[in-house]
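[1] below are the sequence and a predicted model for it; my questions follow.
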Amino acid sequence: MALQISATNPEHPALLLELPWQLPLEEWPEHHLVPLPRGISRHVVRYARAGTEVVAVKELAERPAVREFELLRDLDRLGIPAVDPLAVVTGRTGKDGEPLEPVLITRHLRGSMPYRSMFETTMRPATMHRLMDALAVLLVRLHLAGFAWGDCSLSNTLFRRDAGAYAAYLVDAETGELHPRLSPGQREYDLDLARVNISGELLDLEASGALHPSVDPIEFGMEICARYSGLWDELTRTSVYPAGKYHYIDRRVRRLNDLGFDVAEMQISHSSNGDTVTFVPKVVDAGHHQRQLLRLTGLDTEENQARRLLNDLESWMATQDDYAPGDPLAARPEVLAHRWVRDVFRPTVRAVPPELRGSMDPAELYHELLEHRWYLSERAQHDIGLDTAVKDYVENILPKVRETLADPQDAASADPRDETPTDPQVHDVDGPVRPS
């Protein structure tokens, strides 16, 4: 059988043909490979260079390879954070003519690391809790989309910095199933598998001496369930408000937006005596701020990055002479947003030399600059301006990051000021929920 490459992009097969498909993945020469951290896997997995791309290559049987490829494409269409599927390669034969296992190829998520690799380092418990928050959000987003993962673990999840917080990405969809809707039993089963897998990997790390001594693997596995339940309840629960207090409904919708979710539909009903109003948000999906920023500016970012950039955009717009909300003669928000990208965002990012940026994408870099501006302004007790913040960041912060990090891939996960913001508790008339 001849070598076949089924790819999502017509340009990929030409790049992938350069790889040594006649060799088992374990025997690939070092000059084809990229030394990046990997989680544990039941399959042989390697990172390789294909043209300008870094790709993850996994050997497995043809049927599960094709199935996982299609599932990852479905998740991409649904807007779920997961690795990008690039191709499935079949028809491989060795130099002796014997058949070799097919491979699934995905794009390496730039600036990311497996969760397990993070836990193998000496990491503060507060950072671990933030990682668990991101993983809980990923599980909720998958379940809202009708996807049962079936194998959530520290090794099957990537993290990437998202405006000071963490964004979690699904890596392995081999055991996943996509349904129109998940039952409570399916969700609970998936969550229980996640708890067992996470506790098991933490126990393994504890046995190797790599886990922080304050972390209890069993309790930490339970914590993911509690964080998931709090977020799921906030997104799907029914709220009962006094009649006439419609601003409570608006507050609930805004709260969902702040968590990164949109309310596509809502159900509102009055009690028989007219004293109360019942509100149920329906069909919520993720990416509220992402879509708003993309619509206004064309910038495609992570959710927290989008929230931070939108705040800066709105503050800048308020200083413009032709900004007048509600005035039909004033400049449209899209026009002002384009001007902000051209005159503020791009010049600021370009002021940082490329060789000092490491793996930070422009949105994360801009967020870091805004954080540094706030930090310096607080210390000076007045706004020091973005230009001054950029200069100080380049001269005093980035050099320290480069000295600390031996691998530039880790630069996106470094906090130059070694500060961990306190997660505020969020409240409304329905009581407290999970930390935002």
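    That came in fine, so what should we check first?

[2] for the residue nearest to residue 370 when sequence neighbours are not counted, helix, strand, or coil?
    Leaving aside its chain neighbours, residue 370 sits nearest to residue 312 (6.0 Å; criterion: C-beta to C-beta, 6 or more residues apart in numbering). Where C-beta positions appear, they are placed from N, C-alpha and C, glycine not excepted. Applying DSSP: H, G, I helix; E, B strand; the rest coil to residue 312 yields a three-state assignment of helix.

[3] so residue 312 versus residue 206, what's the distance?
    42 Å (C-beta to C-beta, to the nearest Å).

[4] who's more crowded, these two?
    residue 312 (19 against 16; other C-beta atoms under 10 Å).

[5] can you pull the contacts of that one?
    Contacts of residue 312 were listed using C-beta atoms under 8 Å, 6 or more residues apart in numbering, and they are 344, 366, 370.

[6] make it 10 Å
    340, 344-345, 348, 366-367, 369-370, 373, 386 (C-beta atoms under 10 Å, 6 or more residues apart in numbering).

[7] tabulate these (JSON lines), appending pLDDT and neighbour count.
    Formatted as JSON lines, these follow (pLDDT from 0 to 100; neighbours: other C-beta atoms under 10 Å):
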{"residue": "340", "pLDDT": "94", "neighbour count": "21"}
{"residue": "344", "pLDDT": "94", "neighbour count": "15"}
{"residue": "345", "pLDDT": "95", "neighbour count": "20"}
{"residue": "348", "pLDDT": "94", "neighbour count": "20"}
{"residue": "366", "pLDDT": "93", "neighbour count": "26"}
{"residue": "367", "pLDDT": "91", "neighbour count": "25"}
{"residue": "369", "pLDDT": "93", "neighbour count": "22"}
{"residue": "370", "pLDDT": "91", "neighbour count": "19"}
{"residue": "373", "pLDDT": "91", "neighbour count": "22"}
{"residue": "386", "pLDDT": "91", "neighbour count": "19"}
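
[8] nearest to residue 129 among those residues?
    residue 367 (20.6 Å; C-beta to C-beta).

[9] how close does the residue nearest the centre of the chain sit to residue 217?
    Nearest to the geometric centre of the chain sits residue 167, at 2.8 Å (C-alpha atoms, centre = their mean). According to C-beta to C-beta, residue 167 stands 24 Å off from residue 217.

[10] repeat that for residue 63.
    From residue 63 to residue 217 the distance is 35 Å (C-beta to C-beta).

[11] helices of the stretch 151-300 of the chain, start to end?
    Secondary structure of the stretch 151-300 of the chain (DSSP state H, counting those that start in this stretch): helices located at 184-207, 217-236, 246-258, 288-297.

[12] check the secondary structure at residue 6 for me.
    Classified using three-state DSSP, residue 6 is strand.

[13] contacting residues for it?
    Residue 6 neighbours (C-beta under 10 Å, 6+ apart): 12-13, 65-66, 69, 86-90, 102, 105.

[14] show me what it is bridged to.
    residue 88 (DSSP bridges).

[15] with residue 103 instead?
    residue 59, residue 89.

[16] and for it, the neighbour number?
    Based on other C-beta under 10 Å, the number of other residues close to residue 103 is 27.

[17] contacts only, for residue 18.
    Per C-beta under 10 Å, 6+ apart, neighbours of residue 18: 32, 48-51.

[18] 7 Å - rerun?
    residue 50 (C-beta atoms under 7 Å, 6 or more residues apart in numbering).

[19] so it, which state does it fall into?
    Applying three-state DSSP: residue 18 is coil.

[20] and the pLDDT for it?
    Per-residue pLDDT puts residue 18 at 82.

[21] in stretch 168-186, which residues are buried?
    168-176, 178, 182, 186 (16 or more other C-beta atoms under 10 Å).

[22] just the CA atoms of that stretch, as CSV, please.
    C-alpha atoms of stretch 168-186 as CSV (Å, rounded to 0.1, in the frame of the first residue of the first chain):
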residue,chain,number,x,y,z
ALA,A,168,-6.2,24.6,29.3
TYR,A,169,-6.3,22.7,26.0
LEU,A,170,-7.3,19.1,25.2
VAL,A,171,-4.5,17.1,23.6
ASP,A,172,-5.8,13.5,23.3
ALA,A,173,-9.3,12.9,22.0
GLU,A,174,-8.8,9.2,21.3
THR,A,175,-11.4,8.0,23.9
GLY,A,176,-13.8,11.0,23.4
GLU,A,177,-17.4,10.8,22.2
LEU,A,178,-19.5,13.7,20.8
HIS,A,179,-23.2,13.7,21.6
PRO,A,180,-26.0,16.3,21.0
ARG,A,181,-26.2,16.6,24.8
LEU,A,182,-24.6,14.8,27.8
SER,A,183,-26.7,13.3,30.6
PRO,A,184,-25.9,14.0,34.2
GLY,A,185,-24.6,10.4,34.5
GLN,A,186,-22.3,10.9,31.5
